[in-house]
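1. below are the sequence and a predicted model for it; my questions follow.
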Amino acid sequence: MARFSELCLGPLDTVPVSVVAQPGVTLMSLVADALGSRSQGLHPTWRRALRSAVPEGAETVLRPLFTREYSMVPDCLTPTAPLWETDLSVQLERLADVLPAQLLRELETDFGGTVPRQWQSVVDRPKAFIQAYAAILGAVWEAFGPIWARAGSLLAQETERVGVAVVSNALPLVLAGLGPKIRFTGETLYVPDPHPETFQRGARRVALVPIVSGYGASVFSFDRSDAVWFGYPVPGLNTLWTAQEATVERDRLKLVVGAVRAGILRELARPCTMGLLAATLNCTPATVTYHCGQLEAAGLITRERQGQHVVARHTASGGALVTLLSG
């Protein structure tokens, strides 16, 4: 059974939100999937390319980071600190210069003074590990860098999508659709975690970090003092897998809520049965039911059974959202 860490965000209209195109988060997702046996939904072609790009023995070097019982990466080994530094070359140079004593201190702190045996090879030769680790990450990014560059339009579109959602009070829909592994209910975000904890956002900023790896990507950090951040699959990944040109979405309603939900909201300018919605939008009834459930949870529509039919209609908020984003 999947287990989840919880992040209690508080009232969403008071949450400061940023989108950060942080390549280090994508890099860690790529490494976890291709070399750490932690599936992120990476396309098989990309996985094979990355495995062939790294030095021999890379998976053995990285094994301590991805051992299931003690899956963690010390802060000094993460190419995501500071989060706002988005030049990955700077982050990789910092990693290569990590002092062995710093790594050993962090391991002692992270594991409460008793470092698991899986990390013993690192403890015995910390300098050699740091050098090998930095070389592996550098090789992965050298192979993947051109794909990250091609994803620039997707990342820009995601920044716009979240910005529009924030100013139009549609952030709950964005949070509810961040990916198959991430859930959002009420004011709480749930992310998969083998060692689940509950976190309070407090006054910290929320950073959304779109990841360019796979549709199962999920990377997060909820214990920083300056911000909480979580990574999720950037919408439109398939355009990179198929070498299609990523297109910029100009329909603001579709940009924020997605094509199916935008269609539902527009069709509900008048009350409509679920069956008619499915037929009009050329979707299966199950698909329409799922998306209507998400819209209802966000307070944008209501559903009511009338005889043999279920009739959906806008709420005042739903109608206002359509008007705001269709102007």
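-> Received, thanks.

2. work out for me the element the closest residue to residue 40 other than its chain neighbours sits within.
-> Excluding its sequence neighbours, the residue lying closest to residue 40 (C-beta to C-beta, 6 or more residues apart in numbering) is residue 33, at 4.0 Å. Every residue, glycine included, has its C-beta placed from N, CA and C. Residue 33 belongs to helix 23-36 when assigned by DSSP states H and E.

3. for the stretch 201-327 of the chain, which spans come out with low pLDDT?
-> The model of the stretch 201-327 of the chain has pLDDT under 70 over residues 243-249, 327.

4. please disregard the earlier target; I meant the stretch 51-200 of the chain.
-> Ranges of the stretch 51-200 of the chain meeting pLDDT under 70: 69-71.

5. 80 - rerun?
-> Applying pLDDT under 80 to the stretch 51-200 of the chain flags residues 67-72, 81-82, 194-195.

6. could you pull out the strands for it?
-> Taking DSSP state E, counting those that start in this stretch to define them, one finds strands in the stretch 51-200 of the chain at 183-185, 188-192, 198-200.

7. to residue 151, which of the ones you listed lies closest?
-> Ranking the strands of the stretch 51-200 of the chain by proximity to residue 151 (C-beta to C-beta) places strand 188-192 first, at 22.2 Å.

8. please state the offset of stretch 79-91 from the chain centre?
-> Relative to its chain's centre, stretch 79-91 lies at 17 Å (C-alpha atoms, centre = their mean, to the nearest Å).

9. can you give the contact residues for that stretch?
-> 20-25, 27-28, 75, 92, 94-95, 137, 141, 207, 209, 221, 224, 226-227, 229 (C-beta atoms under 8 Å, 6 or more residues apart in numbering).

10. buried ones among those residues?
-> Buried by 16 or more other C-beta atoms under 10 Å: 20-25, 27-28, 92, 95, 137, 141, 207, 209, 221, 224, 227, 229, out of the contacts of stretch 79-91.

11. follow-up on the earlier one: with respect to residue 294, which of the strands of the stretch 51-200 of the chain lies nearest?
-> Closest of the strands of the stretch 51-200 of the chain to residue 294 is strand 183-185, at 9.7 Å (criterion: C-beta to C-beta).

12. looking at this protein, which helix is longest?
-> helix 126-150 (DSSP state H).

13. measure how it sits relative to helix 23-36, angle-wise.
-> 110 degrees (axes from the mean of the first three to the mean of the last three C-alpha atoms, to 10 degrees).

14. next, count neighbours for the nearest residue to residue 305 once chain neighbours are set aside.
-> Spatial nearest neighbour of residue 305, excluding adjacent residues (C-beta to C-beta, 6+ apart): residue 311 at 7.7 Å. For residue 311, the count of nearby residues is 17 (other C-beta atoms under 10 Å).

15. from here on, count from 587
-> Fine by me, first position is 587 from now on; the one you just mentioned is residue 897.

16. is residue 897 in a helix, a strand, or coil?
-> Following DSSP: H, G, I helix; E, B strand; the rest coil, we place residue 897 in the strand state.

17. you'd agree it is up against residue 889?
-> Yes. Assessed by C-beta atoms under 8 Å, residue 897 is found in contact with residue 889 at 7.1 Å.

18. find residues that contact each of these two.
-> Joint contacts of residue 897 and residue 889 (C-beta under 8 Å, 6+ apart) are residue 860.

19. tell me what the longest helix of the chain is packed against?
-> The contact analysis (3 or more C-beta pairs under 8 Å, 6 or more residues apart in numbering; DSSP states H and E) places helix 712-736 against helix 609-622, helix 630-639, helix 644-652, helix 674-682, helix 686-696.

20. could you look up the SS state of residue 815?
-> Residue 815 is classified as strand under three-state DSSP.

21. name whatever forms a beta bridge with it.
-> For residue 815, the beta-bridge partners are residue 793, residue 807 (DSSP bridges).

22. any idea how far residue 761 is from it?
-> 13 Å (C-beta to C-beta, to the nearest Å).

23. quick one: contacts for residue 810?
-> 669, 790.

24. give me the phi and psi for the residue nearest to residue 654 when sequence neighbours are not counted.
-> The shortest distance from residue 654 to any non-neighbouring residue, by C-beta to C-beta, 6+ apart, is to residue 780 (6.6 Å). Here the main-chain torsion angles of residue 780 (degrees, to the nearest 10) amount to phi -70, psi -20.

25. any idea how far residue 591 is from residue 780?
-> 10 Å.

26. the two: which has the busier surroundings?
-> residue 591 (18 against 11).

27. that one belongs to a helix?
-> No. Residue 591 is assigned strand when assessed by three-state DSSP, not a helix.
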